[in-house]
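1. Structure, please.
(chains A and B)
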Amino acid sequence: MMNSTSWGALRRPISKCKDLKFTNRKWQKRPRGSYGPLLFVLPSLAFYVFFVFIPVIGTVRYSLFSWDGASPNMLFVGLQNYVEMIEDAIFWKALVNNIIWTIGTLVFAFLMGLVLAVVLMQSGIKIIAPFRVAFFIPVVLSLVVIGTIWSWMYNPEFGTINLLLNKCGLAFLARPWLGNDRTVLFALVFAGSWHYSGFCMMVFIAGLQSIDPVYYEVGVIDGATKVRMFFFVTIPLLKNTMTLLIVNVLIWSLKIFDLVFIMTGGGPYHSSEVIANYMFYVTFRIGEIGYGAALATTLALLIGTLSFVYIRMAEKAD
Amino acid sequence: MRNRAIHLLAIMSLMTAVGLVAYPQGKQIVLRMWDSYVAGVENQLFVNLVAEITQKYPNIKIERNLLTHEQEQQTIKPALTSKTGPDLIYYQPGPAYINVLAKAGLLLPLDKYADQYGWKKEIPAWIYNQGMFRGRFYGIASRVFFQGVYYNKKVFSDLGLKPPNSYADFLNICQTAKSKGFIPVTMNDKDQWPGFHHAAIFINAGTGRKKVEEILSGQSGWNVPEIARSLDLIKELVAKGYTTPDPNSIGFEDGNKEFYSGKSAMLLGGSWIASNIVDAIGDGKVGFFPLPPISAGMDMEPAGGLGDCMVVSSATKYPDECALVMNEIFSDSNTKYWYQASILPTYSSLDVSTLNLSYTFKMIAEIAEKPMGYNLDTILGPKCNQAIKDGVQELIAGKTTGAAVAAEMQKGHEADVRDGLFENWLLK
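-> Numbers count the residues shown, from 1 in each chain, chains lettered A, B, ... in the order given. Predicted coordinates:
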């Protein structure tokens, strides 16, 4: 057991701890405003400045120019690229698709994660770890791999999904999932949600584990059913977890690129276009670097705003 | 001890002398080359070419960097603007590709070397001109390709069909194949770029070479009824159920496999897949015909073009050596490697009959001897190309009309002209 002197020493600033004997004179003479610790963060700071901060500033600058990415001459156009963006029907389509993606991910991944977490946390299931691993595996897979696998599954000729529908007598539901403008976004969102639901599940499990069992014991004494306890005990106590997860889903959905790029490239005819993929298309396929930079800046602003909200909420949750 | 030192000195002198004899042409230099010949026989082609050149010129070392066309398109601009990129580049010819680099001053004009090595005399004018931009010569296209319709000989034989002589014949073949349970024509456009070729095939069959030349020379535009009608043929073919169901959901490789497996009677494709066809189903199993013209009196020609233009970075430290390597790559002594890789070189005086070539490739080589129409993406600018890519997918889905796509093409074409990328190369 720690005595009172030790507790007091820990509470006081270290320079005032007369009961602690320092024999190293250099340590004692060290100035209070030393920048020494900064050396430890310098590598990360340098990395951040060179690979994040400077490129971000560069991108914002490029967005004010008309440039093909190769020519030595860049034409300053001010905010013209942003005006063009506002008038661009494909940009708005991409933004709407991002919003649909967000809602879809909330419906599929978020709810699926919650259901899985609650089911796995039931006392009836003794061996939880293998299930957790099985449901979490898609999270650690690369989105490129996931995109390739789901492209095969959605293939109208040999894909598993149409094959299963045909075998089950549901041939009328079989369709070219990625080639039809009505189904393509839904198909992509579902594949993305399969990837993301494992992450949601793990966060929910962590949230559920932090709930004090006393609440449930009180519920049992009061005669509450499991369903009522879920809605009136579990859900309110998961509020902070849910808030953080929802904002996280928003950010993830806005920056989605890999899956769309691999599975459809934004097609057919931009019907599965999202902002990040459109930015890539404009920049590298058409060669309009300035306009691509304007899209990138807009996307960064959207993500930055949501990140700010996310961080504020995380602080509140703490 | 002294004797040993003398022996050592003598050995070192000998080694130096041998070195000087072995490398008579100066110091060792390294040329970095980007190419898209990433696999199979095409990769082997460049392995052979590099081996031949470095054996002949031991002071030149060629370091290849293999990238797909798409990867190359994404990275070539920063690579060249940084002045640390490759010395030699295989890149697509045309306004959307090398003209962008040439306009930015990133490519070395090669007029001096064209005179030195006699390229201007040797290379047919129509090929030479496609390497030109704003009056300067920038590169040599390395391969001729064309597009049309491959057909499965066994399926045709079983169904009692013969290659068509008219578009009506072609539609009859489609109907017969469909009624017998075959997919008449494999068409794939999930990857979007095959749309360029579909458009080229149908525009060529619908309007003919002369109309396209009129448009390219500025005497006409893309937004004319002939182009609209040609593009509508794509929509009609899909609507009649004569193509792969839902071509927008089938990737290039999957589409080819559909044809190789015998599920379909015909495939819309280019000459560059000849070696793949031979590998997949064997030699002599397929035939090829250009899509017949829709109107009588028009020539039956495949949509042809040039691919993979070799160009030199303006930042290279070794322009003379780059030109030397280019000259070697296209020399008669090395042309055999191109044919062996089932690639039609743009110019060669080699007697092809002396080579052991597949039946399929000989057929391709014979077709290439005849007049051809125009492939589009390598002669049009980036914005017109994007209009084609989007438009063909919409036509396949039945969401638009040929007239609307033709109007978008014209809009894109005008933007490319404004951007200074498109040049009337017919008048060069």
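
2. for chain B, which strand is longest?
-> As assigned by DSSP state E, the longest strand anywhere in chain B is strand B:139-152.

3. buried sites along the helix or strand following that one?
-> Remark: after strand B:139-152, the chain's next helix or strand is helix B:153-158, criterion DSSP states H and E. Of all the residues in helix B:153-158, those buried under the rule 16 or more other C-beta atoms under 10 Å in any protein chain shown are B:Val155, B:Phe156. Quick note: C-beta positions are derived from backbone N, CA and C, even for glycine.

4. Could you name the helices and strands sitting against helix B:153-158?
-> strand B:286-289 (3 or more C-beta pairs under 8 Å, 6 or more residues apart in numbering or on different chains; DSSP states H and E).

5. what pLDDT, on average, does the longest strand of chain B get?
-> Here strand B:139-152 scores 92 as its mean pLDDT.

6. what lines up beside that strand in the sheet?
-> strand B:264-270 (antiparallel), strand B:286-289 (antiparallel), strand B:303-312 (antiparallel), strand B:344-345 (antiparallel) (DSSP bridges).

7. Quick one: name the residues of the stretch 51-200 of chain A near chain B.
-> Contacts of the stretch 51-200 of chain A with chain B, taken as C-beta under 8 Å from any C-beta of the partner chain, map to A:68-72, A:151, A:154-157, A:176-181.

8. Tell me which residue of chain B lies closest to chain A.
-> Closest contact between chain B and chain A, by C-beta to the nearest C-beta, is at B:Ser249 (2.5 Å).

9. How many neighbouring residues does that residue have?
-> Close neighbours of B:Ser249, defined as other C-beta atoms under 10 Å in any protein chain shown, add up to 30.

10. Most proximal residue of the stretch 151-300 of chain A with respect to chain B?
-> A:Gly179 (2.5 Å).

11. Reduced to three states, what does that residue come out as?
-> coil (DSSP: H, G, I helix; E, B strand; the rest coil).

12. Mind checking what helix or strand follows the lowest-mean-pLDDT helix or strand in chain B in sequence?
-> When the helices and strands of chain B are scored by mean pLDDT, DSSP states H and E, helix B:2-22 comes last with a mean of 51. As assigned by DSSP H and E, the chain's next helix or strand after helix B:2-22 is strand B:29-35.

13. which regions of the chain sit below the pLDDT cut-off?
-> I went with chain A, as the question did not name one. A:1-33, A:123-126, A:314, A:317-318 (pLDDT under 70).

14. I was after chain B.
-> Those would be B:1-26, B:424-428, if you go by pLDDT under 70 across chain B.

15. Can you tell me who the residue nearest the centre of chain B pairs with across the strands?
-> Taking C-alpha atoms, centre = their mean, the centroid of chain B lies closest to B:Gly307, which sits 2.8 Å from it. In this entry, B:Gly307 is beta-bridged to B:Arg143, by DSSP bridges.

16. so who does it touch?
-> B:Gln92, B:Pro93, B:Ala141, B:Ser142, B:Arg143, B:Val144, B:Phe145, B:Trp272, B:Thr378 (C-beta atoms under 8 Å, 6 or more residues apart in numbering or on different chains).

17. Now these in TSV, please, with extra columns for distance to A:Val247 and neighbour count.
-> Compiled in TSV, the contacts of B:Gly307 are given as follows (distance: C-beta to C-beta, whole Å; neighbours: other C-beta atoms under 10 Å in any protein chain shown):
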residue	distance to A:Val247	neighbour count
B:Gln92	44	19
B:Pro93	49	27
B:Ala141	53	26
B:Ser142	53	25
B:Arg143	53	19
B:Val144	56	21
B:Phe145	51	25
B:Trp272	49	18
B:Thr378	47	24
